[in-house]
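[1] Sequence and computational prediction follow.
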Amino acid sequence: MEKFLIRYSQTYILIGQLELILRSRLIQTLSNFSEEKGYAEWHQVLDSKTTFDINNPNPGFGLWRDVLSQRNFTRLWLPCTRHAFLDLPFPESFKTYQKIDNRMHYATGTRNRVCHFNFANARNVKHEEANLKWLISALG
């Protein structure tokens, strides 16, 4: 058990960094977009399929994964959320968006496994960490 905890300690730190950066950047970009649309709160531009608890001041990783999912390409990515990714080449292309969606899907699996201490399904730690680092880097 201790071996797994030590092995995944860096992964846990990377997940935390990614989640905090996503929270900060996406709330900012969604706030700007909400203001342009005449809404008072950033979460008012989210669609009805997106689950959000207004009583929770710190939305979790699942919300950011959902906001960045493919169904939001024209609704949120093009006008808004792509601006959170400061170092992403060709952010307006659908191919780039698919890359973010796929990497966020993989990061969500990593996050859930590590944060719930599910080491029975351990994968390639280096590959998972490389994915998290790529997302952090794309955010700038």
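    Done, it's in.

[2] Pretty sure residue 54 sits against residue 43.
    Yes. With contacts defined as C-beta atoms under 8 Å, residue 54 counts as touching residue 43 at a distance of 6.7 Å. Where C-beta positions appear, they are placed from N, C-alpha and C, glycine not excepted.

[3] Comparing these two, which residue is more hemmed in?
    Taking neighbours as other C-beta atoms under 10 Å, residue 54 and residue 43 compare with residue 43 leading, 17 against 9.

[4] Look up the closest residue to that one, ignoring the ones flanking it.
    Excluding the flanking residues, the one nearest residue 43 by C-beta to C-beta, 6 or more residues apart in numbering is residue 52, at 5.1 Å.

[5] helix/strand/coil for the one you found?
    Classification of residue 52 by DSSP: H, G, I helix; E, B strand; the rest coil places it in coil.

[6] That one contacts residue 42, correct?
    No. Using C-beta under 8 Å, residue 52 makes no contact with residue 42, being 9.8 Å away.

[7] after the lowest-mean-pLDDT helix or strand in the chain, next one along is what?
    Counting by mean pLDDT, DSSP states H and E, the chain has its least confident helix or strand at helix 2-7, which shows a mean of 81. Note on helix 2-7: by DSSP states H and E, the next helix or strand toward the C-terminus is helix 9-37.
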